[in-house]
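A.B. asks: Generate coordinates for the sequence data below:
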Amino acid sequence: MSDAARPTASPPLDSELALSQMPATTPDAGANVGVGPWVGPVPTDPRLDPALLAEGDRRNVADRYRYWHLAAIVADLDTRRHGFHVAVENWEHDFNIGAIVRTANAFAAAEVHIVGRRRWNRRGAMVTDRYQHIRHHPDIADLVAWAKQAGCPIIGLDNLPGAQPLERAQLPERCVLLFGGEGPGLTDQAQAACERLYEITQYGSTRSINAGAAAAIAMYHWALQHAVPGGDA
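C.D. replies: Prediction:
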């Protein structure tokens, strides 16, 4: 996303300095993650959730989002999301879809597109689907129509004949990274929809790697080329 098109990030909280000085966990937190109840004068920033301030925030969120409302976190992420989208075919209720959603959230993907069945296994997402925009497409043709309108070429990831090594690929800043199911891989229709097709080079005896792991590698490869290391998106 160009600087001209990028929304303005949220202003810093008045309480951020105080929050940054708090321990990652309170003394009675045990093995829990996060922070306990807010200590000191209660901040009034509207992005903060009164219930979380009173009870503590044990969610798996970055420290900058401690005590924030869910809607406030999503709104802030929307100012920093990247230009790539992730799409996955959902024909077999694949558990890996949840893991792919979780990784897409970690890399600030613009959206995750579920192609096929509307219902998908959310367990692997670990509630990150609450923060990630997810769009459903009944079939590949619908995804293709959306991608064409959005100006996002579809990039397929699968170890198929003719696929080029991902590690040598220069990925477009705006694109859709398309993944197939864990067993069958990309369907014939999905392969035909791809402008480019890449595979992840493997060096061991197994024929393929887990679909969730493959998606994580591809998103990281995109981030190496287009994201700002150690900084906001």
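
A.B. asks: and the longest helix belonging to the chain, what other elements does it pack with?
C.D. replies: When the chain is parsed with DSSP state H, its longest helix is helix 211-226. Packing partners of helix 211-226 (3 or more C-beta pairs under 8 Å, 6 or more residues apart in numbering; DSSP states H and E): strand 84-90, helix 96-106, strand 154-157, strand 175-179. In this view, the C-beta of every residue, glycine as well, is placed from N, C-alpha and C.

A.B. asks: quick one, strands of the protein?
C.D. replies: Under the criterion DSSP state E, the chain contains strands at 84-90, 112-116, 134-137, 154-157, 164-165, 175-179, 196-199.

A.B. asks: how about the ones you listed in TSV, adding mean neighbour count, mean pLDDT and distance to R59?
C.D. replies: Listed next are the strands of the chain as TSV, based on neighbours: other C-beta atoms under 10 Å; pLDDT from 0 to 100; distance: least, C-beta to C-beta, whole Å:
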stretch	mean neighbour count	mean pLDDT	distance to R59
strand 84-90	26	96	23
strand 112-116	24	96	20
strand 134-137	16	98	19
strand 154-157	24	98	30
strand 164-165	10	98	38
strand 175-179	25	98	27
strand 196-199	20	97	35
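
A.B. asks: export these to CSV and tack on distance to I217?
C.D. replies: Compiled in CSV, the strands of the chain are given as follows (distance: least, C-beta to C-beta, whole Å):
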stretch, distance to I217
strand 84-90, 12
strand 112-116, 17
strand 134-137, 21
strand 154-157, 9
strand 164-165, 12
strand 175-179, 10
strand 196-199, 10
